[in-house]
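Participant: What follows is a predicted structure for the sequence shown.
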Amino acid sequence: MKLGLISDIHGNSPAFKAVLDCLIERVDHLLFLGDFAGYYSFVNECIEMMPADMVTGVRGNHDQILLDFLSSELLPENYQKAFGSALKRSAKELSETSKERLFDLPVQLHLNVDGVTLTLMHGSPWDPLNGRVYPDFSDWARFESCNDDIILLGHTHYPMVKHTGRKLIINPGSVGQPRDGKKGACFAELDISSRDVQFFRISYDPRQVIDDARIRDPENPYLVQVLQ
C-alpha cells in the first residue's frame, strides 16, 4: 500500500490543491499530520478540499488553538502578533461540516496498515501537539518508548526521514509553508511494504495567499517572505 503523507497546510489552499492533484492518483490513502489552520486564511477551503473517504489524520497545535477559539473566542496572548490575523478570520468562515471535521481529529492516533504499526501525531511522542523534532535532533533514544514501527510527525515544516533501530521516523515537511528555503509545496509518499520514502516538491501559484497576507497583515512581512 502507498500512503501520501501531508502536514502543515496552514490555510494555503492553492498549495494544498496542487498537492492533492498530484497525490490523489498516486496513493491508496492519505495520512494528515495536523494544522489545517494558522498563518493563512483559506482554512475552510482546505478542509472541504480534503477527501474524507481517503484520509486519516490528527490535529495540530494551530488546529487546537482554532478549536479553543471557537469555544471561547479567546486567543493566546500575542498569538495574532506572531502568526497574523488569519486564524481569527478563518473561524468566522468555517462551515458546520468543517468544524465537525476539525473537532473529530484526535491528538494522536495508532494505526495498523498491512501488519505495519504507525503512530501519527503533529509534534512528538512526548508532546503530541507542540513537540519539535528537527532534522538535527540528536536524542533519538527518546523514541525507544514508542511501540510502533513507523512514527509520523509534522510541526517543524522541515522534511525529514530517520532510521533508528527498527523504527522509521518521517516528517513530510509542510504543504503550506516550507521553511527549508526551497520553493513549492512539500509532501511525501510512503510505500508500506518496502518502507521506501520519497519526498516531493510541487509548484503552485501563491499570489492569492500572498496578496491576502500582504493586505490583512502588513505588519507581519514574514508571512509573505517565507512563500517567496
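Facilitator: Okay, I see it.

Participant: Please name the nearest non-neighbouring residue to the residue lying farthest from the centre of the chain.
Facilitator: For the chain, the largest distance from the centre (Cα atoms, centre = their mean) belongs to residue 165, which lies 25.9 Å off. Leaving aside its sequence neighbours, residue 165 sits nearest to residue 144 (Cβ to Cβ, 6 or more residues apart in numbering; 7.0 Å). Quick note: C-beta positions are derived from backbone N, CA and C, even for glycine.

Participant: where does the one you found fall, phi/psi-wise?
Facilitator: phi -70, psi -20 (degrees, to the nearest 10).

Participant: Helix or strand: which one has the residue nearest to residue 228 when sequence neighbours are not counted?
Facilitator: Excluding the flanking residues, the one nearest residue 228 by Cβ to Cβ, 6+ apart is residue 210, at 7.3 Å. Residue 210 is located in helix 207-216, with elements delineated by DSSP states H and E.

Participant: Then residue 102?
Facilitator: Using DSSP H and E, residue 102 maps to helix 96-104.

Participant: same question, residue 46
Facilitator: Assigned by DSSP H and E, residue 46 falls in helix 43-49.

Participant: Could you tell me which residues within that helix count as buried?
Facilitator: 43, 44, 45, 46, 47 (16 or more other Cβ atoms under 10 Å).

Participant: and the gap between the third one and residue 98?
Facilitator: Read it as residue 45. Using Cβ to Cβ, to the nearest Å, residue 45 is found at 9 Å from residue 98.

Participant: sorry, back to before: so which of the buried residues of helix 43-49 would you say is closest to residue 103?
Facilitator: Relative to residue 103, the closest of those is residue 47; by Cβ to Cβ it sits at 11.4 Å.

Participant: who touches the closest one in this structure?
Facilitator: By Cβ atoms under 8 Å, 6 or more residues apart in numbering, the contact list for residue 47 reads 36, 94, 98, 101, 102.

Participant: And the helix holding residue 210, what's buried?
Facilitator: For helix 207-216, burial by neighbour count (16+ other Cβ under 10 Å) applies to 209, 210, 212, 213.

Participant: Format the residues you listed as TSV; extra columns: pLDDT and distance to residue 85.
Facilitator: TSV is the format used below for those (pLDDT from 0 to 100; distance: Cβ to Cβ, whole Å):
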residue	pLDDT	distance to residue 85
209	98	14
210	97	15
212	97	10
213	97	9
